[in-house]
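**Q** have a look at this fold, sequence not included:
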């Protein structure tokens with residue numbers, strides 16, 4: 001009993017930290033979401049969100065999350081596959097791949113704002129160099145969402161690649177050798193050996209990144225600015241309503257939490273069938 005108490009005391013600071021900085025603010029946000037300006041319990045805060053285009057906000061968030069996760073998964077699979085090979089310069093390539101993880105989100109957003117500038121941006125300069133027409137990367141809402149997703153995937157692809165790499169390295173090489181002897185080419189080996197054995201690792205990567213994608217804020221703020229008709233995400237809606245409509249902001253938090261919770265339960269529940 002004394003031994004268990006000693007172990008509990010070791011983890012008590014971590015429990016207190018999580019309780020004070022995670023659970024208490026979350027509980028307080030849920031509480032405020034049901035209060036009006038007079039301190040009375042009400043559901044009017046959730047009704048008011050429809051005046052702030054909460055439907056468009058949710059759709060925009062889902063689009064950004066889906067695009068970013070697709071790009072991160074696609075690039076992550078490619079990078080992880082390359083890192084399983086032995087070649088000259090592998091250490092340098094690994095370093096270059098991991099560098100985006102160490103770049104602050106604000107710095108990455110500013111860098112991509114220069115890349116996607118409509119006039120004189122690096123992307124349009126490259127297109128002009130190869131005799132292709134230049135492009136307005138903020139022509140409409142959906143192109144702006146794609147721009148944000150591309151910028152976000154550059155920074156967060158490394159963590160997905162590392163998770164998938166650990167999964168690929170855990171697959172026995174004998175499976176690939178046996179498949180090669182049976183005449184299976186690289187594509188068939190990828191779809192029939194690699195992907196089935198990576199399901200759990202892909203799920204982990206998508207859950208980790210999916211939850212983080214719902215918090216996307218700095219990239220839309222710097223790349224596009226506050227233009228509700230163009231782009232507003234759940235985190236941005238929280239920011240724009242928190243200074244004036246505290247209860248509405250709390251309602252946004254609750255809706256975001258419920259959305260993420262449902263998505264994770266659907267994913268985990270589907271994986272157990």
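**A** Everything's here; your move. Note that the structure is a prediction, hence the values are computed from the model and not measured. Numbers count the residues shown, from 1 in each chain.
**Q** how far does stretch 114-123 sit from its chain's centre?
**A** Averaging C-alpha positions (CA atoms, centre = their mean, to the nearest Å) puts stretch 114-123 24 Å from its chain's average.
**Q** now the closest residue to residue 63 other than its chain neighbours: which helix or strand?
**A** Once flanking residues are discounted, residue 63 sits nearest to residue 145: 5.1 Å by CB to CB, 6 or more residues apart in numbering. To be clear about C-beta, it is placed using only N, CA and C from the backbone, and glycine gets the same treatment. Residue 145 is part of helix 141-169 when elements are defined by DSSP states H and E.
**Q** which of the residues in that helix are buried?
**A** Using 16 or more other CB atoms under 10 Å as the burial criterion, the residues of helix 141-169 that qualify are 141, 144-165, 167-168.
**Q** residues contacting the spatially most central residue of the chain?
**A** For the chain, the residue nearest the mean C-alpha position is residue 213 (2.8 Å; CA atoms, centre = their mean). If you count contacts by CB atoms under 8 Å, 6 or more residues apart in numbering, residue 213 has them with 64-65, 68-69, 152.
**Q** need those residues in TSV (columns: distance to residue 174).
**A** As requested, those are exported to TSV (distance: CB to CB, whole Å):
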residue	distance to residue 174
64	41
65	38
68	36
69	32
152	38
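**Q** sort out which of those are in helices and list them.
**A** Per DSSP state H, helices hold the following members of the contacts of residue 213: 64-65, 68-69, 152.
**Q** from those residues, which single one is nearest residue 196?
**A** Closest approach to residue 196 among those (CB to CB): residue 69, at 19.9 Å.
**Q** that's a helix at residue 19, yeah?
**A** Yes - the assignment for residue 19 by DSSP: H, G, I helix; E, B strand; the rest coil puts it in a helix.
**Q** state the pLDDT value of it.
**A** With respect to pLDDT, residue 19 scores 79.
**Q** and it, how far from residue 112?
**A** Per CB to CB, to the nearest Å, residue 19 is found 37 Å from residue 112.
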